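> okay, predicted coordinates and the sequence, questions at the end:
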Amino acid sequence: MFLNSIKQFSTIVQNHVNVNHILSQSVKSIQVRNYAARKGTRDRKAKKKVKAEVVKVGFVPHNQRNKLKLLAQREPLKFDDSWKRNPTDDVYVAKYYKWVVYPFAEAVKCHQETHSPEMYNKPNANLHVTIELNMQGEKKTRFVDNFTSVVKVPYNFDHGEERTIVVFSKNPDEQNEAITAGATLSGGSDLIKQIQNGDVSLQDFQYCIAHPNILPELVQLRGLMKKKFPNPKMGTLDVNLGKVVDKFLNGVKYQAVKDDYEKEFGCIKTVIGSLDMDIKHLEENFSVLINDVNSMKPRRPGTFIDRCILWSPPSQEVLKVDHAVFLKELNSKGSQNVFEKQEDYDKEEEEEKGERVAL
């Protein structure tokens, strides 16, 4: 029995030696690669490890962070209710139907009633108008730039603004005519020298008007005047100084501003008179205003003025009026002049930017 045990032990030892020999031989046969994996393999592994990319936004001031969120969620400014139905009676939910379009005279009467002594008791309140514009240019990728103008209306009113005007002319009679019309200051060569010496500042005047007879001497002040330099296209260079002064002193001043985000939407807000004026006088002022605005229309099909709204504080009532009946069709020559006027304005903007860079 002792011999059998010795034989079993020797068998186990022999098997163990054989196993170690086999393992040593297999280890020697393992291949080791020292070069990188193929590009496709690396790409597949990289795609498995892709994480959600965090888009970094530049610094936003704390008082504008909520504003950016609101702008992304706001409703479009351009109003279109052409797809809605017309109201069938006098009582209806306004948001489900088209906005009622009033004749101009009827809209003014509605505001006069709300401002009567029995209600707001402000019969001489100003009548405001909001003009919404389609600022789309001749090309879809271009838009009409912001523009400012003053239009002479047939019936003057108290606009509540203090406008200062300086007039240049060689003729003393023309200087007196400008002062009589309401100019703040008028003069000739002596006035130009006073401005050059610093005795008179052009910053004290909103408008600079001149007669063509003094234009060669006035060129010396072009660098100081910049945009205020008299220009026939802007109406500040004319032989009839009294008429021009009256226009810039009593006319309706307006500015068309396009939205920073919806560039095809532009808006004008101005005053055309007071509610105690005759309705026909207000109507003529309105007609002159919208025709002057429409003269800035680019050469493209479609309308430039989308909507006109009349309103008068403190009342919150706003009434849409039919402006199309007052528009006069522009001939091809007129529209070309308007386009050239816009190009000249753009050139002046570029020149001014060049001057700023040079400084």
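Perfect, I can see it now.

> mind listing the helices for the stretch 151-300 of the chain?
172-181, 189-197, 215-218, 222-225, 241-250, 279-294 (DSSP state H, counting those that start in this stretch).

> so which of these is nearest Pro154?
helix 279-294 (5.1 Å; Cβ to Cβ). (Each C-beta comes from the backbone N, C-alpha and C, glycine too.)

> quick check: mean pLDDT of that closest one?
Helix 279-294 shows an average pLDDT of 95 in the prediction.

> now do the buried residues in it.
279, 281-294 (16 or more other Cβ atoms under 10 Å).

> check stretch 294-308 too.
Asn294, Ser295, Met296, Lys297, Pro298, Phe304, Ile305, Asp306, Arg307, Cys308.

> now, which of these sits nearest Ser169?
Distance to Ser169, by Cβ to Cβ, is smallest for Ser295 among these, at 28.1 Å.

> so how far is Pro230 from that closest one?
Note on Ser295: its distance to Pro230, by Cβ to Cβ, to the nearest Å, is 21 Å.

> next one: Arg44
On the measure of Cβ to Cβ, Arg44 and Pro230 end up 73 Å apart.

> neighbour count winner among these two?
More crowded of Arg44 and Pro230, by other Cβ atoms under 10 Å: Pro230, with 24 against 11.

> with adjacent residues omitted, what lies nearest to the most centrally placed residue in the chain?
Closest residue to the average C-alpha location of the chain: Lys258 at 2.1 Å, with Cα atoms, centre = their mean. Once flanking residues are discounted, Lys258 sits nearest to Gly266: 4.3 Å by Cβ to Cβ, 6 or more residues apart in numbering.

> number of residues surrounding the one you found?
Gly266, neighbours per other Cβ under 10 Å, totals 27.

> beta-bridge partners for it, please?
Leu133, Lys258 (DSSP bridges).

> what's it in contact with, if anything?
Glu132, Leu133, Asn134, Met135, Val144, Asn146, Ala256, Val257, Lys258, Asp259 (Cβ atoms under 8 Å, 6 or more residues apart in numbering).

> how much space separates it from Gly40?
From Gly266 across to Gly40, the span is 55 Å (Cβ to Cβ).

> what's the answer for Cys110, then?
Cys110 is 75 Å from Gly40, by Cβ to Cβ.

> neighbour count for the two, which is higher?
Set Cys110 next to Gly40 and count neighbours by other Cβ under 10 Å: Cys110 wins out with 16 against 8.

> helix, strand, or coil at that one?
helix (DSSP: H, G, I helix; E, B strand; the rest coil).

> what sits against it?
Per Cβ under 8 Å, 6+ apart, neighbours of Cys110: Tyr102, Glu317, Leu319.

> which of the residues you listed are buried, as a ChimeraX select command?
With 16+ other Cβ under 10 Å as the burial test, the buried ones among these are selected in ChimeraX as follows:
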select :102,319
